[in-house]
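# Just the structure for this:
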Amino acid sequence: MISGGFVALAVVEVEPLVRFYTSLLDLKPQLYRPNSYAEFHLSNLRLAIFRPRMTERQVFQGQGAMSLCLEVTDLAVVRERLQRLGIAAEPIIEEAHGQECYAYDPVGNRIIFYQPQFKSSTKK
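All right, here's what the predicted structure looks like:
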């Protein structure tokens, strides 16, 4: 029934987030309408940024409640890139599934960068 999905961020001022995610992802939006809509296509994720209609804005109050989780191959390299872009990143922490660090976009949405650690399988 459901064949896919994507993450959509609703903001009144679209352009600051478009610039932020363009820099962060090092990718231009594949679909783009200035001041209205931008969509980034990653290998397994679509990230859309849109401006809600005036009549819908109340539905989207409370910005910053979303966490965007991005899997990375080298968390230390990602943290260095964030620093070069002027984006503050929290320290790397150990979790049961691997390592993580957090950063925030201009409207306060948390971005979780995680590097999974898989247990090596043993052959019998």
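# tell me what the longest helix seen in the chain is packed against?
The single longest helix within the chain, with elements called by DSSP state H, is helix 14-25. Under the contact definition 3 or more Cβ pairs under 8 Å, 6 or more residues apart in numbering; DSSP states H and E, helix 14-25 sits against strand 37-42, strand 45-50. C-beta coordinates here come from the backbone N, C-alpha and C atoms, glycine included.
# Now do the last one: which elements does it pack against?
The reference is to strand 45-50. So strand 45-50, by 3+ Cβ pairs under 8 Å, 6+ apart, packs with strand 7-10, helix 14-25, strand 37-42.
# How about the first one?
When contacts are defined as 3+ Cβ pairs under 8 Å, 6+ apart, strand 37-42 sits against helix 14-25, strand 31-33, strand 45-50.
# angle of that strand against strand 45-50?
Relative orientation of strand 37-42 and strand 45-50, computed by axes from the mean of the first three to the mean of the last three Cα atoms, to 10 degrees: 170 degrees.
# any low-confidence regions in the protein?
Scanning the chain with the threshold set as pLDDT under 70 gives 1-3, 56-65, 118-124.
# if you set the cut-off to 80 instead, what comes out?
The model of the chain has pLDDT under 80 over residues 1-5, 51-67, 96, 118-124.
# Nearest the geometric middle of it, what residue?
Taking Cα atoms, centre = their mean, the centroid of the chain lies closest to residue 68, which sits 4.3 Å from it.
# hang on, the earlier thing: now the helices and strands packed on helix 14-25 as CSV including mean neighbour count and distance to residue 108?
Below are the helices and strands packed on helix 14-25 laid out as CSV (neighbours: other Cβ atoms under 10 Å; distance: least, Cβ to Cβ, whole Å):
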stretch, mean neighbour count, distance to residue 108
strand 37-42, 18, 18
strand 45-50, 18, 14
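# So for residue 72, which of those strands sits nearest?
strand 37-42 (11.5 Å; Cβ to Cβ).
# List the strands paired with that closest one, with their directions.
strand 31-33 (antiparallel), strand 45-50 (antiparallel) (DSSP bridges).
# List the contacts of residue 83.
residue 89 (Cβ atoms under 8 Å, 6 or more residues apart in numbering).
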